[in-house]
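Student: Sequence and predicted model, in that order:
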Amino acid sequence: MLIWTLAAAVGGALLVDRAALMTLRPPSRGPERDAAELGHPCTSIVVESGGLAIRGDLIEPAAATDSASIAVLVHGWTGTASVMLTLAEPLLEAGQPVVAFDVRSHGRSERAPAVTVRHFRDDLTRVVEHIREIRPRRRVVVVGHSLGGAAGILACARGAPIDGLALVAAPADLFETTASFFSDRGLPGGLLTRLFHPSWRLRAGESFRGLDPDPRPGPASWGRACRSRSSRAGRTRASRLHRRSAWRGPWGPPSFSSPMPVTGTYSRRRRPTRS
């Protein structure tokens with residue numbers, strides 16, 4: 001009897017782990033657009049992060065000045081660099097260089113066994129460091145959508161060489177957002193996040209206490225500098241970004257409230273706030 005009980009317990013744990021692992025594997029999705037289509041000089045970049053090749057593009061308009069900051073665009077869960085080109089267009093028109101890259105297991109970058117917010121943070125950090133090496137005189141501003149915004153917060157708090165940060169519907173509480181995603185689909189969100197937590201922690205490789213954007217310290221000027229700026233054009237670009245991002249995953253756009261302005265938005269699932 002004891003053997004059967006232990007076998008059932010082990011089998012149940014393996015099933016839970018397998019289910020948890022499925023939530024950390026984004027579906028394969030190729031690029032919808034090519035950066036070269038924007039009509040500006042484009043240079044492919046490849047950096048190594050965790051032994052994987054992370055691919056992206058550095059787009060530098062001819063009108064860019066030596067003092068222009070480089071905007072590093074970070075997509076969300078199941079997104080790609082091509083999705084972020086929606087935000088790149090107005091920046092390039094204003095003469096601002098842009099970097100758009102694919103996090104591991106997304107777009108053109110190499111696939112990994114599992115992807116967590118820690119991997120988003122690490123890939124972003126490596127890209128920023130690479131840009132600093134090849135364009136040492138330029139400031140770097142990270143523009144992160146959804147989980148990419150959370151990664152920007154974590155990278156900045158960890159000391160990545162980031163000069164500015166703009167967030168588009170970034171979750172303040174990853175577990176609350178994930179539980180809401182499950183609950184919206186008729187599943188017991190709170191129970192599943194507790195059951196999956198050990199498996200997520202194992203794949204992340206470090207405690208989630210340091211991987212939740214909500215308690216992370218940021219630049220002292222965030223509260224003053226990151227002001228929401230509503231505009232018809234901004235709302236249109238944000239809505240387009242949400243529609244073009246795939247939603248198959250716990251951190252997809254439907255996990256958030258309605259589309260927010262393009263810059264300076266940092267929101268919880270049900271209590272959106274603007275800093």
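Tutor: Done, it's in. Residues are numbered from 1 along each chain as shown.

Student: The stretch 151-275 of the chain: strands as residue ranges?
Tutor: 164-168, 170-171, 266-267 (DSSP state E, counting those that start in this stretch).

Student: just flag whichever of those strands has the lowest average confidence.
Tutor: Among those, strand 266-267 carries the lowest mean pLDDT, a mean of 40.

Student: can you count the residues close to Ala62?
Tutor: By other C-beta atoms under 10 Å, 7 other residues sit near Ala62. Bear in mind the C-beta positions are built from the backbone N, C-alpha and C, glycine included.

Student: which residues does it contact?
Tutor: Residues in contact with Ala62 (C-beta atoms under 8 Å, 6 or more residues apart in numbering) are His40, Pro41.

Student: returning to what we had before: of the strands of the stretch 151-275 of the chain, which stretch is the most buried?
Tutor: Here the criterion is mean neighbour count by mean count of other C-beta atoms under 10 Å, and of those the winner is strand 170-171, at a mean of 28.

Student: strand partners of that strand, parallel vs antiparallel please.
Tutor: strand 266-267 (parallel) (DSSP bridges).

Student: Adding distance to Leu191, write the strands of the stretch 151-275 of the chain out as TSV.
Tutor: Converted to TSV, those look like this (distance: least, C-beta to C-beta, whole Å):
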stretch	distance to Leu191
strand 164-168	29
strand 170-171	20
strand 266-267	25
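
Student: Relative to Leu58, which of those is closest?
Tutor: strand 164-168 (17.6 Å; C-beta to C-beta).

Student: closest to Gly149 out of the strands of the stretch 151-275 of the chain?
Tutor: Ranked by C-beta to C-beta, the member of those that lies closest to Gly149 is strand 170-171, at 2.6 Å.

Student: May I have the phi/psi pair for Gly186?
Tutor: Note on Gly186: backbone dihedrals following degrees, to the nearest 10 are phi 80, psi 20.

Student: looking at the strands of the stretch 151-275 of the chain, which is closest to Ala100?
Tutor: It is, among the strands of the stretch 151-275 of the chain and with distance given as C-beta to C-beta, strand 164-168, at 13.9 Å.

Student: Now find how far off-centre the closest one is within its chain.
Tutor: Centroid separation for strand 164-168 versus its chain: 11 Å, with C-alpha atoms, centre = their mean, to the nearest Å.
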